[in-house]
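> Mind looking at a prediction? Sequence and model below.
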Amino acid sequence: MSTTAPTGASNPTVIGAAAEPATGTARAEAATARVTALIAELRELLDPATTAARIDPVGLGGAVREAVRQVITHPRSALKVGLGWGGDAARATVASAARAVGGTKEGPADLPAKDKRYSDPAWQGNAWYYLCRQQHALFAARLSELAAGTELSPVARRKVDFVVGQLVEATSPVNWPASNPALLKKALETGGQSLVRGLANMLRDVVQNRGLPRQTTPGQFVVGKDLAATPGRVVYRNRLIELIQYEAQTDEVHEVPLLMSPPWINKYYIMDLAPGKSLVEWAVQHGHTVFMISYRNPDSALRDLTMSDYLREGPVAALDVVQEITGAPKVNVAGLCLGGTMSAATAAWLAQKGEDRINSLTLMNTLLDFTGPGMLGVFVDEATVDRLEKVMKRDGYLPAEKMKTTFDMLRSTDLMWNYVVNNWLLGEPPAAFDMLSWNSDSTRMPAAMQTEYLRTCYVENQFAEGKLELAGERLDVADVTQDAYVICAERDHIAPWKSVYKGAAKLGGTVRFVLSNSGHIAGVVNPPSEKSRHWFGESADLPANADDWRDDAGEHRASWWEDWTPWIAERAGAMRTSPAIGGTTHPVLGDAPGSYVTG
């Protein structure tokens, strides 16, 4: 296969180089074409449906209106909730007044005992802060009760519950100056300097960060130095991917190479985060010849790329190169999240073509059955996908910041309001955290691929039902007959572990299913630690119910990396001399991490 340079890399645009039409008729036609294009663009911008999609791409407003209509038409339940709230609020005020004069009377709200946001003794000892917390807890409980009492469609129910959750988090007294004791303490300790710094941070974020608090300080981590630092070389490039081959770090390596397939929703280096926290480094140090797909950050020129393009120009193209460089008849493949879904789709696609090229699959936090999308269900119904399609029509892609905001809202307490308090109220810079630096390095999504992915997988669940068609083949999860190591995380809010299990149970081969005690990202960045633990079970026929599997699963107090190491070694063949990096057909194009990751 030949290598190609990034689109536009060797032909830079020269401003003003285009020739003007030579004749009056040609100039008139060109002017008419420009006016026509401008009118079309204005029509699109002024189209009510497009405007509504840009203002409310998720359709939260419609769901809230549906809930309000239910409340209005059934006022008795709303009145009951209101009266209960009023009575509880009065009792909370009495309890706080008693505390103001030295009493210890408890208020009516049921307060969580382990919420670290309220660890300051002032939340119990100071009457004002105690009242603020009580009233917020009562508001949250009654608002949830009111919403739960409405009869809504399943789609509207998910959206209303999401809105309620966002309101509850936003109104927490921790997030506001008058009701957070830490702000006053910090201001006294710093002589008011924290207030000045906090205001400066807020104004900066309003101007530079779309009004959202920064999670990281730019420049704290450098890609290629602090992150994505495992030594390697780029050995292949097409318009969509670069392929990195990592340097061997052992005297001999396994004969079956390992191809890593990351999601293209974020940059690949979550799998090569930092020395000591890199799955790539771990695999290389355990004798594997590792290759990594690095996806290009698409722009308008790639607006028409489809999932079929991602399959052919991503994993399939990478497999070709890996086999040509190493001479291996088969390759082990490890995929993460969407990259795992595409890895399984690739295995099914190759099976339909009669090609036995994948030796084993490792699937990390990967959905194959999308009937239980968890919190992401708010964003993936048919009406929302239609709105998203309108939003992306003009630029041809979903902007990176919209993707990041979507995922941040799913964990707004940790990824948004935590930084409002730290950066704006306390005037502190965000702590250096490599995973959040990666999280902030978001990517765009091509319009055609994004809508196709959401419709075929989330809305219609085609892969699990044997109806997904990619690159001329009809795919079914059951066609994936390779041994599979499926790892998921019990606190994963993007790929809920029971949903991952449901898809894994439909695979056609023997599955080692492993559940770790972490979340979506920490479930990947999981080096050995004394806090690590995981549950495991292996079978060609997993129990139909995830809870039944959990009841019978064995437990190890170790990282899943330590469990995966002997599993993948058994499927990696004998030891051999390390293959050369690249070769005549695939010469080295540059050092890792390559050029696409910084695009």
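In hand now; what should we look at? Numbers count the residues shown, from 1 in each chain.
> quick one: the helices in the stretch 51-200 of the chain?
With DSSP state H, counting those that start in this stretch as the criterion, the stretch 51-200 of the chain has helices at 60-73, 75-100, 122-125, 127-148, 154-170, 181-189, 193-208.
> Nearest residue to the middle of the chain?
Against the mean C-alpha coordinate of the chain, by Cα atoms, centre = their mean, the closest residue is residue 407 at 5.8 Å.
> For the residue lying closest to that residue once chain neighbours are set aside, which residues are in contact?
Nearest residue to residue 407 in three dimensions, chain neighbours excluded: residue 494, at 7.3 Å (Cβ to Cβ, 6 or more residues apart in numbering). C-beta here means a position set from N, CA and C on the backbone, and glycine is covered the same way. Contacts here follow Cβ atoms under 8 Å, 6 or more residues apart in numbering; on that basis residue 494 touches 337, 365, 374, 375, 376, 407, 410, 520.
> Closest one of those residues to residue 63?
residue 375 (14.9 Å; Cβ to Cβ).
> what about that closest one, distance to residue 517?
With the distance defined as Cβ to Cβ, to the nearest Å, residue 375 ends up 19 Å from residue 517.
> same deal with residue 524?
With Cβ to Cβ as the criterion, residue 524 and residue 517 are 14 Å apart.
> check contacts around residue 150.
With contact set as Cβ under 8 Å, 6+ apart, residue 150 has these partners: 67, 70, 71, 74, 160.
> mind listing what's buried in stretch 464-472?
464, 468, 470, 471 (16 or more other Cβ atoms under 10 Å).
> Spatially, and excluding backbone neighbours, which residue is closest to residue 454.
Excluding the flanking residues, the one nearest residue 454 by Cβ to Cβ, 6+ apart is residue 385, at 4.8 Å.
> Work out for me the element the one you found sits within.
Under the criterion of DSSP states H and E, residue 385 resides in helix 382-393.
> Now the next helix or strand after that helix: average pLDDT?
Per DSSP H and E, the first helix or strand lying C-terminal to helix 382-393 is strand 397-398. Per-residue pLDDT over strand 397-398 has a mean of 90.
> Show the subsequent helix or strand relative to strand 397-398.
Following strand 397-398 in sequence, per DSSP H and E, is helix 400-410.
> Need the contacts of residue 150 in CSV (columns: distance to residue 229, neighbour count and pLDDT).
Converted to CSV, the contacts of residue 150 look like this (distance: Cβ to Cβ, whole Å; neighbours: other Cβ atoms under 10 Å; pLDDT from 0 to 100):
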residue, distance to residue 229, neighbour count, pLDDT
67, 49, 23, 89
70, 54, 19, 86
71, 55, 15, 87
74, 59, 13, 82
160, 45, 22, 93
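> Which secondary structure element is home to the residue lying closest to residue 436 once chain neighbours are set aside?
Nearest non-adjacent residue to residue 436, counting by Cβ to Cβ, 6+ apart: residue 215, 4.7 Å away. Assigned by DSSP H and E, residue 215 falls within no helix or strand.
> In this structure residue 215 contacts residue 438, no?
No: under the criterion of Cβ atoms under 8 Å, residue 215 is not in contact with residue 438, lying 10.7 Å apart.
> still on that earlier bit, in contact with the residue nearest to residue 454, which residues?
Applying Cβ under 8 Å, 6+ apart, one finds that residue 385 lies in contact with 451, 454, 455, 459.
> Of those, which is the nearest to residue 576?
Within these, the smallest distance to residue 576 is 43.0 Å, found for residue 454 (Cβ to Cβ).
> any idea where the strands of the stretch 351-500 of the chain begin and end?
In the stretch 351-500 of the chain, the strands defined using DSSP state E, counting those that start in this stretch lie at 358-364, 397-398, 445-446, 468-470, 473-475, 483-489.
> Can you name the residues in contact with the fifth one?
Contact with strand 473-475 is made by 345, 348, 349, 352, 353, 463, 466, 467, 468, 469, as judged by Cβ under 8 Å, 6+ apart.
> Low-confidence regions, the stretch 251-400 of the chain specifically.
For the stretch 251-400 of the chain, applying pLDDT under 70 flags no range at all.
> Would you enumerate the residues in contact with the residue nearest to the centre of the chain?
Contacts of residue 407 by Cβ under 8 Å, 6+ apart are 415, 439, 494.
> again, only this time at 10 Å
Residues counted as contacts of residue 407 (Cβ atoms under 10 Å, 6 or more residues apart in numbering) are 265, 266, 375, 376, 379, 415, 439, 442, 493, 494, 520.
> And for residue 499?
Neighbouring residues of residue 499 by Cβ under 10 Å, 6+ apart: 367, 368, 369, 370, 371, 372, 373, 374, 376, 488, 492, 546.
> Return the subset of those lying in helices.
If you go by DSSP state H, those have residue 546 in helices.
> Which pair of the contacts of residue 499 spans the longest distance?
Longest span within these, Cβ to Cβ: 376 and 546, 18.3 Å.
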